[in-house]
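1. I'd like to go over a predicted model; first the sequence, then the structure.
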Amino acid sequence: IPPAGRATTRPRPGRFPGERPGGETRESGRRGRRRRRGSRDLPAAGFAGKKGALKWPAKGVVEAGVGVEEDEVYGARRQRKGWDIRARFLAEVTAIAEGTVAHVGWMRGYGNVLVVDHGDGYLTIHAHLARAEKGVGDRVAAGDLVAYVGDTASSKGPFLYFEIRHRGRPLDPAEWLERK
């Protein structure tokens with residue numbers, strides 16, 4: 001039950017729980033607003049300065065990348081905003097950079113999801129997880145175990161859906177992660 005005077009709402013399509021308009025989260029706050037006690041924004045160079053040098057979130061092969069995709073069964077076209085990384089069931093999922101866990105829970109179409117707020121409007125989204133090892137508000141460092149690969153809400157078997165967002169806009173992980 002929500003506190004008096006507060007309505008419960010679902011996030012708008014395309015927005016993850018905890019993400020506000022403009023891509024900010026409750027943890028990072030927005031300019032001109034107070035942040036939750038104990039949360040800190042990373043300097044812009046903290047995440048943005050690591051472009052092209054971030055470690056992969058899981059060992060595996062990119063099965064589907066960013067771009068337009070056509071459904072083989074229904075023929076519908078849709079815009080892919082992240083990567084499907086084929087990995088073994090229960091493979092470790094790690095944080096790609098320092099941040100704070102902003103959301104852990106179930107989302108229709110994504111299964112078990114973990115969202116990390118890296119500050120300055122940068123988020124990473126990890127979906128189809130077997131289970132999460134971190135909870136909301138936990139601080140993580142690059143390389144920390146955050147979850148395990150699963151197949152929740154997936155008809156393709158075990159894989160990790162991985163997405164990077166900046167102020168609500170999806171970014172291509174190929175530009176951010178180190179080359180294999």
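-> Perfect, I can see it now.
2. pull up the distance across stretch 48-60, start to finish.
-> 24 Å (CA to CA, to the nearest Å).
3. what bridges to the residue nearest in space to the middle of the chain?
-> Most central in the chain under CA atoms, centre = their mean is I125, positioned 0.9 Å from the mean C-alpha point. For I125, the beta-bridge partners are V115, E163 (DSSP bridges).
4. for E178, see how far away it is.
-> Distance of I125 to E178, computed by CB to CB, to the nearest Å: 19 Å. (Glycine included, C-beta is placed from N, CA and C.)
5. wait, the residue nearest to the centre of the chain sits on P170?
-> No - in this structure I125 lies outside contact range of P170 using CB atoms under 8 Å: 9.1 Å.
6. can you pull out the helices in this protein?
-> For the chain, applying DSSP state H gives helices covering 44-48.
7. any weak-confidence spans in it?
-> Residues of the chain that meet the criterion pLDDT under 70 lie in 1-45, 64-69, 71, 78-79.
8. can you pull the contacts of K59?
-> A87, A91, E92 (CB atoms under 8 Å, 6 or more residues apart in numbering).
9. neighbour-wise, which of these leads?
-> A87 (24 neighbours; other CB atoms under 10 Å).
10. look up phi and psi at that one.
-> phi -150, psi 160 (degrees, to the nearest 10).
11. so who does the residue lying closest to it once chain neighbours are set aside touch?
-> Nearest non-adjacent residue to A87, counting by CB to CB, 6 or more residues apart in numbering: G60, 3.4 Å away. With contacts defined as CB under 8 Å, 6+ apart, G60 is in contact with I85, R86, A87, R88, A91, V149, F159, L160.
12. looking at those residues, spot the one nearest V101.
-> When the contacts of G60 are ranked by distance to V101 (CB to CB), L160 comes first, at 16.2 Å.
13. hmm, P57 and W176 touching each other?
-> No - using CB under 8 Å, W176 is not in contact with P57, being 10.8 Å away.
14. between those two, what contacts are shared?
-> Shared contacts of W176 and P57, defined by CB under 8 Å, 6+ apart, are found at I96.
15. rewinding a little: anything in contact with each of I125 and P170?
-> In contact with both I125 and P170: G82, E163, I164, using CB under 8 Å, 6+ apart.
16. of these, which is the nearest to F47?
-> I164 (9.2 Å).
17. what about the strands in this structure?
-> For the chain, strands defined by DSSP state E occupy the ranges 61-64, 67-70, 77-80, 83-86, 92-94, 99-107, 111-119, 122-127, 129-132, 139-140, 145-149, 159-166, 169-171.
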